[in-house]
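> got a sequence here, can you model it:
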Amino acid sequence: MIKNNFKKLSIIALSLAVLTFVGCSSSKDSNESIGEQMDYKITGIDPGSGQMALTEQALKDYNTNYTLQASSGAAMTQALADAYANEEPIIVTGWSPHWMFSKYDLKYLEDPKGIFGEDEHTSTVVHKGLKEKLPTAYKVLDEFYWTPEDSQSVMLEINAGGDVKEVARQWITDNADTVSKWTDGVTKVDGDEIRLAYVAWDSEIASTNVIGLVLEDMGYNVTLVQVDAGPMWTALASGDVDAIVAAWLPETHSKYFEDSKDSVEDLGPNLDGARVGLVVPTYMDIDSIEDLAK
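Residues are numbered from 1 along each chain as shown. This is a model prediction of the structure:
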């Protein structure tokens, strides 16, 4: 049985998502700028995440007077939903793949300074020695690969109220051909222990629960450990957890990876096409992060 160890309830590309409406009614003066209407505040996620550091750097380098407020992934998406329902402007930190890009009509702002970098990927990274310790798990984790569309389909079902494990199990059932590529040629085990860590982002909740169930089907006793980004990498480097499928590289988790590279092994991307940046609704008359400058 998979055991979920929730140390903290909080929720590839990172982004700031900006939400406002053309022609919307607002309790604030319509002559006010977008920044003034929002008091120049951005709703962030957990303070230890790499995207928060990138956002702070972007706000500084683009000479804005916005301030970043830490919260959690769940709080961020709730703030986004509330603002959307009331047709009020909001700026939040976000990332893709993420269900909000299917639910809302958004676009990325140009990032001329390249603060958020190019497109990213999520990598599977394991504690060194896993290949010898748990060869079957190592093989499955090494073969694990899916698309942003796969990830987002799981996220959407969970966001719609589906049970995480049930949604993950249904995806595995519906995508048996894909899963068989991950498990082809490996030998099942009998109750060997494995611990997977992940951050509470919707995309990583989806990927970790899916691969966790696949490993369970291979005979492993799987424990899922939910933590912030910093503790996740610390636990992986120390061997307190065996693997993660939630490494955002080459930019977002670059410092964490660099600090722990002597103790971990990068098995390569498990999802390509993640992206970081600022995001706005397509109907907004704004195209670049530079438009947020003072």
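
> show me where the chain has strands.
3-6, 13-19, 41-43, 67-69, 90-95, 106-108, 120-127, 193-198, 221-226, 243-249, 264-281 (DSSP state E).

> restricting to C-alpha, output the fifth one in PDB.
Coordinates of the C-alpha atoms in strand 90-95 are reproduced here as PDB (Å, rounded to 0.1, in the frame of the first residue of the first chain):
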ATOM      1  CA  ILE A  90      -4.700  39.300  -9.800                       C
ATOM      2  CA  ILE A  91      -1.100  38.300 -10.200                       C
ATOM      3  CA  VAL A  92      -0.100  34.800  -9.000                       C
ATOM      4  CA  THR A  93       3.000  32.600  -9.300                       C
ATOM      5  CA  GLY A  94       2.100  29.600 -11.400                       C
ATOM      6  CA  TRP A  95       3.600  26.900 -13.600                       C
END
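
> tilt between that strand and strand 264-281?
150 degrees (axes from the mean of the first three to the mean of the last three C-alpha atoms, to 10 degrees).

> by contact count, what packs against strand 90-95?
Under the contact criterion of 3 or more C-beta pairs under 8 Å, 6 or more residues apart in numbering; DSSP states H and E, strand 90-95 touches strand 13-19, strand 41-43, helix 50-61, helix 73-85, strand 264-281. Every C-beta, even on glycine, is put in place using the N, C-alpha and C of the backbone.

> out of the ones you listed, which is the most enclosed?
Highest mean neighbour count among these (mean count of other C-beta atoms under 10 Å): strand 13-19, with a mean of 27.

> now it: average pLDDT?
On average, the pLDDT along strand 13-19 is 54.

> go on, stretch 199-218?
95.

> and that stretch, what's buried?
Neighbour counts over stretch 199-218 (16 or more other C-beta atoms under 10 Å) mark 199-216, 218 as buried.

> what stretches of this protein score poorly on pLDDT?
In the predicted model of the chain, residues 1-31, 283-284 satisfy pLDDT under 70.

> tell me the domain boundaries of it?
3-7+120-273, 13-118+276-292 (automatic domain parsing).

> can you dump the C-alpha atoms of stretch 139-147 in CSV for me?
The C-alpha trace of stretch 139-147 is given here as CSV (Å, rounded to 0.1, in the frame of the first residue of the first chain):
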residue,chain,number,x,y,z
LYS,A,139,14.7,0.5,-14.1
VAL,A,140,11.1,1.6,-13.8
LEU,A,141,12.1,5.1,-12.7
ASP,A,142,14.7,5.4,-15.4
GLU,A,143,12.0,4.5,-18.1
PHE,A,144,9.3,6.7,-16.6
TYR,A,145,8.3,9.4,-19.2
TRP,A,146,5.1,11.0,-20.0
THR,A,147,3.8,14.2,-21.8
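
> outside of it, which residues touch it?
Residues from elsewhere that reach stretch 139-147, judged by C-beta atoms under 8 Å, 6 or more residues apart in numbering: 124, 126, 130, 178, 181-186, 207, 210-211, 214-215, 218, 243, 245, 267-273.

> change it to 6 Å
124, 182-183, 186, 211, 243, 267, 270 (C-beta atoms under 6 Å, 6 or more residues apart in numbering).

> what's the burial count for Glu290?
Neighbour count for Glu290, taken as other C-beta atoms under 10 Å: 15.

> any idea which helix is longest in this protein?
Ranked by residue count under DSSP state H, the longest helix found in the chain is helix 202-217.

> got the angle for that one vs strand 264-281?
Using the same axes, to 10 degrees, helix 202-217 lies at 140 degrees relative to strand 264-281.

> other SSEs contacting helix 202-217?
For helix 202-217, the packing partners by 3 or more C-beta pairs under 6 Å, 6 or more residues apart in numbering; DSSP states H and E come out as helix 148-159, helix 164-174, strand 193-198, strand 221-226, strand 243-249.

> of those, which stretch is the most buried?
strand 243-249 (a mean of 27).
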